[in-house]
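**Q** Got a predicted structure plus its sequence, pasted below:
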Amino acid sequence: MADRPIRVLVAKPGLDGHDRGAKVVARALRDAGMEVIYTGIRQTPEMIAEAALQEDVDVVGLSILSGAHRDLFPRIVAQLKQKQLDDVLLVCGGIIPDDDIPAVKQMGFAGVFGPGTSTQDIAAFIREQIAQKRGARAVIRLRSGQA
């Protein structure tokens with residue numbers, strides 16, 4: 001499992017039709033060696049959670065420019081939990097006001113990336129977070145006697 005490439009779902013929730021940034025990030029993560037699934041624009045919370053389940057992803061990355069993150073993100077998190085995907089790393093980017101970042105992190109998003117963030121920094125953050133998760137799982141398996 002640790003040798004498997006990191007699988008990332010990149011999604012554009014809501015009615016936001018601008019996806020250039022999401023495509024740039026998706027391509028950069030792919031170029032960094034990750035398997036990337038880009039769902040396209042106008043995705044519902046249910047569609048995003050179902051795609052995450054079907055694609056067996058390690059990471060869900062949301063890109064939002066519409067300002068609807070306070071409404072859509074909790075619904076997406078709830079859908080992921082309903083599908084028992086609460087161990088998936090959540091990251092987001094786009095236009096999220098600085099005042100909203102603490103609330104977004106409290107929802108469960110480990111990384112919040114604004115305009116101008118280096119795609120290399122995003123890839124490094126994801127790699128580090130997933131390495132920690134996979135390392136913790138390996139320790140649990142060893143302690144329980146599983147190989």
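**A** Looks like it came in fine. No experiment lies behind these values; they were computed from the predicted model shown.
**Q** for the chain, what spans make up the strands?
**A** With DSSP state E as the criterion, the chain has strands at 7-11, 35-38, 59-64, 89-94, 109-113.
**Q** Residue 11 and residue 50 touch, don't they?
**A** No. With contacts counted by C-beta atoms under 8 Å, residue 11 stays clear of residue 50, the gap being 10.9 Å. C-beta coordinates here come from the backbone N, C-alpha and C atoms, glycine included.
**Q** Which one of those two is surrounded by more residues?
**A** residue 11 (29 against 15; other C-beta atoms under 10 Å).
**Q** so how far is residue 99 from the residue nearest to residue 88 when sequence neighbours are not counted?
**A** Excluding its sequence neighbours, the residue lying closest to residue 88 (C-beta to C-beta, 6 or more residues apart in numbering) is residue 60, at 5.4 Å. Relative to residue 99, residue 60 is positioned 23 Å away (C-beta to C-beta, to the nearest Å).
**Q** What's the separation between residue 77 and residue 134?
**A** According to C-beta to C-beta, residue 77 and residue 134 sit 22 Å apart.
**Q** Looking at the two, which one has more neighbours?
**A** residue 77 (20 against 16).
**Q** show me where the chain has helices.
**A** Applying DSSP state H to the chain gives helices spanning 20-31, 45-55, 69-82, 101-107, 119-143.
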